[in-house]
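**Q** here is a sequence together with a model predicted from it:
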Amino acid sequence: MKWAMAVFIGIVLIFGMFWFRVHLNAHRDYLNESYCRRTEQDANNIAAAITDYFANPAHIKLPAISGDSEYLGYILNSREGQNIAWVTGNAKSTITIVVQDGSGQCPDAYQERFPQWDSGKYTKALQ
């Protein structure tokens with residue numbers, strides 16, 4: 001009888017450890033999505049800064065950047081690694097904003113769900 005109880009407890013412990021491991025990985029991916037959202041937030045904040053910039057009629061040319069961590073006074077997120085941005089285009093056509101997740105922790109599963117993501121970089125186009 002004691003051995004049956006020991007076997008039962010062993011099975012419950014093994015199942016519990018397996019369940020915990022599976023749910024821990026799912027929770028980790030969920031938490032890492034915050035890195036993706038910070039990168040998307042950076043792109044949106046840069047878009048807002050560009051809108052503010054062109055609100056001044058004297059500003060007619062877009063200041064381009066390539067791989068910088070600050071744009072028009074906005075400093076990109078730097079949690080677990082510095083996000084960097086590229087801004088190209090002009091005010092009369094399409095302005096393209098690309099922000100790279102500096103942490104490298106944005107899950108691939110998240111990136112695959114959204115076409116704006118490609119290899120750790122988020123792209124936003126303003127027309």
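**A** In hand now; what should we look at?
**Q** OK, contacts around the closest residue to E70 other than its chain neighbours?
**A** Nearest residue to E70, sequence neighbours excluded (C-beta to C-beta, 6 or more residues apart in numbering): L76, at 6.9 Å. Backbone N, C-alpha and C define where each C-beta goes, glycine included. Residues in contact with L76, defined by C-beta atoms under 8 Å, 6 or more residues apart in numbering, are D42, S69, E70, Q82, N83, I84, A85, V99, G102.
**Q** give me the pLDDT for R113.
**A** pLDDT recorded at R113 is 95.
**Q** against C36, how distant is it?
**A** Distance, R113 to C36, by C-beta to C-beta, to the nearest Å: 10 Å.
**Q** those two: who's more crowded?
**A** C36 (21 against 10; other C-beta atoms under 10 Å).
**Q** and the gap between the more buried one and C106?
**A** Distance of C36 to C106, given as C-beta to C-beta: 4 Å.
**Q** overlap in contacts, these two.
**A** Residues touching both C36 and C106 (C-beta under 8 Å, 6+ apart) are W117.
**Q** average pLDDT for the one helix or strand A85 maps to, rounded please.
**A** Assigned by DSSP states H and E, A85 belongs to strand 84-89. If you average the pLDDT over strand 84-89, you get 94.
**Q** for that strand, list every residue counted as buried.
**A** The neighbour-count check on strand 84-89 (16 or more other C-beta atoms under 10 Å) flags I84, A85, W86, V87, G89 as buried.
**Q** what sits closest to the second one if chain neighbours are left out?
**A** With C-beta to C-beta, 6+ apart as the criterion, A85 has its nearest non-adjacent residue at 4.8 Å, and that residue is V99.
**Q** which neighbours in the sheet does the helix or strand that contains that neighbour have, and how are they oriented?
**A** Using DSSP H and E, V99 sits in strand 95-100. Using DSSP bridges, the strands paired with strand 95-100 in its sheet are strand 84-89 (antiparallel), strand 121-126 (antiparallel).
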